[in-house]
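Student: Could you work out the structure for the sequence below:
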Amino acid sequence: MNIGDAVRMRIIELCESNNITINKLATISGVTQSTLSNITSGRNNSTTISTIKKLCDGLEISIQDFFCSDLFKNLEQEIK
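Tutor: Residues are numbered from 1 along each chain as shown. Below is the predicted model of the structure:
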């Protein structure tokens, strides 16, 4: 799995565990709906850390909480 896939899956996982939609996450985090849609659909595989921070703020979690997931273990080497 690459980092883009892990971020996408983590966002979806967090929405499900908080019982909110992707659109609701966009609203509470201040990230545009189109940006979040591009991330969760896989069209954007290079999410910035500032976008992740906004999502964390909307979910009221820390960045550490975001990355504290098995999804981020054993990621593929990005540079080959």
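
Student: Now residue 53: closest residue in space that isn't a chain neighbour?
Tutor: Nearest residue to residue 53 in three dimensions, chain neighbours excluded: residue 63, at 6.1 Å (Cβ to Cβ, 6 or more residues apart in numbering). Quick note: C-beta positions are derived from backbone N, CA and C, even for glycine.

Student: Contact partners for the one you found?
Tutor: 49, 52-53, 56 (Cβ atoms under 8 Å, 6 or more residues apart in numbering).

Student: Residue 24 too?
Tutor: Applying Cβ under 8 Å, 6+ apart, the residues near residue 24 are residue 15.

Student: With pLDDT added, can I get the contacts of residue 63 in TSV?
Tutor: Output for those, formatted as TSV (pLDDT from 0 to 100):
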residue	pLDDT
49	96
52	97
53	98
56	98
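
Student: Following the chain past the helix ranked longest in the chain, name the next helix or strand.
Tutor: Secondary structure assigned by DSSP state H gives helix 3-17 as the longest helix of the chain. Using DSSP states H and E, the next helix or strand after helix 3-17 towards the C-terminus is helix 22-29.

Student: thought residue 42 was touching residue 6?
Tutor: No: Residue 42 is beyond contact range of residue 6, at 11.7 Å (criterion: Cβ atoms under 8 Å).
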